[in-house]
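*Asks:* no sequence on hand, only this structure:
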């Protein structure tokens with residue numbers, strides 16, 4: 001039996017095939033252009049495995065409709081990517097493949113990967129953030145995603161501007177939300193440089209760490225999870241975690257006794273594989289639940 005994974009991002013779609021041990025057997029990447037172009041490539045890829053494919057896990061950029069009773073369940077809804085607005089993603093996949101499918105956000109999929117096989121393994125509560133081109137988050141409690149009328153948009157929680165930061169924020173909706181202040185485009189707009197081109201000792205990183213620490217502080221007080229995981233391109237700056245831990249301690253002021261920070265606020269154990277492994281694990285679960 002083979003399981004399929006689709007990490008549908010705003011820039012690229014990463015498709016993979018895994019076995020029953022969730023080992024990645026093949027993985028490909030396609031640019032996110034239009035539904036007609038991109039989905040044709042996705043379907044062509046999985047068609048190679050149609051006889052052995054038993055289920056597919058999909059983690060998509062959003063916003064998406066996750067309510068099974070909704071008329072637009074499985075749709076990408078009000079995305080700024082105009083070609084994908086109100087696109088029936090799940091419907092297109094079900095038309096091509098008659099197998100069980102899991103449907104969630106791309107960051108939920110990464111959260112599930114870490115929950116099942118990464119830093120969240122054997123824990124009951126995990127919160128995962130990706131800080132890259134945008135900021136998104138997923139929260140899991142006892143194997144279930146925390147969500148209600150829709151999926152959370154924790155990347156748009158407001159943050160208090162750092163005293164040395166006069167940047168107004170790059171989010172067109174909220175200005176000084178976490179995404180508007182800390183995502184990759186915010187870094188480049190503020191500094192004129194991409195994150196990977198800014199030296200480790202640059203004073204900017206203390207500002208960035210402050211915003212991520214505020215996120216961890218708010219998450220701790222709202223959910224008290226057993227682990228908070230920060231993934232995404234910005235967190236590939238390995239020096240960041242020490243700065244985030246220090247800023248978090250300053251903010252918390254000892255009010256809540258958390259687990260040791262080296263185990264509590266971390267980067268993904270699965271690194272760039274969290275999303276793919278998460279989609280494969282969700283595909284496996286969809287098959288078992290069918």
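*Replies:* Received, thanks. Bear in mind that the values here come from a model prediction, so they are computed numbers and not experimental data. Residues are numbered from 1 along each chain as shown.
*Asks:* quick one, helices of the stretch 1-150 of the chain?
*Replies:* Assigned by DSSP state H, counting those that start in this stretch, the stretch 1-150 of the chain shows helices spanning 35-47, 89-96, 106-117.
*Asks:* beta-bridge partners for the closest residue in space to residue 84 that isn't next to it in sequence, please?
*Replies:* Nearest residue to residue 84, sequence neighbours excluded (Cβ to Cβ, 6 or more residues apart in numbering): residue 76, at 4.9 Å. The way it works is simple: take the backbone N, C-alpha and C, and place the C-beta from them, glycine included. Beta-bridge pairing of residue 76 under DSSP bridges involves residue 64, residue 87.
*Asks:* what sits against residue 76?
*Replies:* Contacts for residue 76 (Cβ atoms under 8 Å, 6 or more residues apart in numbering) come out as 60-64, 84-87, 89.
*Asks:* and for this protein, the residue most distant from the center?
*Replies:* residue 51 (30.4 Å; Cα atoms, centre = their mean).
*Asks:* give me phi/psi at that residue?
*Replies:* When read as degrees, to the nearest 10, the backbone of residue 51 gives phi -70, psi -30.
*Asks:* distance of it from residue 3?
*Replies:* Going from residue 51 to residue 3 by Cβ to Cβ, to the nearest Å gives 14 Å.
*Asks:* rewinding a little: pick the most deeply packed of the helices of the stretch 1-150 of the chain.
*Replies:* When those are scored by mean count of other Cβ atoms under 10 Å, the highest mean neighbour count falls to helix 106-117 (a mean of 28).
*Asks:* ok, back up a step: select only the buried ones of the contacts of residue 76 in PyMOL?
*Replies:* To isolate the buried members of these in PyMOL, using 16 or more other Cβ atoms under 10 Å:
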select buried, resi 60+61+62+64+84+87+89
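*Asks:* closest to residue 235 among the contacts of residue 76?
*Replies:* residue 61 (18.6 Å; Cβ to Cβ).
*Asks:* strands of the stretch 101-250 of the chain, start to end?
*Replies:* Using DSSP state E, counting those that start in this stretch, the strands of the stretch 101-250 of the chain run over residues 101-105, 125-131, 135-141, 144-145, 227-231.
*Asks:* which one, of the helices of the stretch 1-150 of the chain, ends up nearest to residue 289?
*Replies:* helix 106-117 (14.0 Å).
*Asks:* so how far is the closest one from its chain's centroid?
*Replies:* Relative to its chain's centre, helix 106-117 lies at 8 Å (Cα atoms, centre = their mean, to the nearest Å).
*Asks:* tilt between it and strand 125-131?
*Replies:* Orientation note: helix 106-117 sits at an angle of 130 degrees relative to strand 125-131 (axes from the mean of the first three to the mean of the last three Cα atoms, to 10 degrees).
*Asks:* name the helices or strands packed onto helix 106-117?
*Replies:* In terms of contacts (3 or more Cβ pairs under 8 Å, 6 or more residues apart in numbering; DSSP states H and E), helix 106-117 is packed against strand 2-8, strand 53-60, strand 125-131, strand 135-141, strand 144-145, strand 227-231, helix 274-289.
*Asks:* distance of the nearest residue to residue 137 once chain neighbours are set aside from residue 239?
*Replies:* Spatial nearest neighbour of residue 137, excluding adjacent residues (Cβ to Cβ, 6+ apart): residue 154 at 3.7 Å. Distance of residue 154 to residue 239, computed by Cβ to Cβ: 24 Å.
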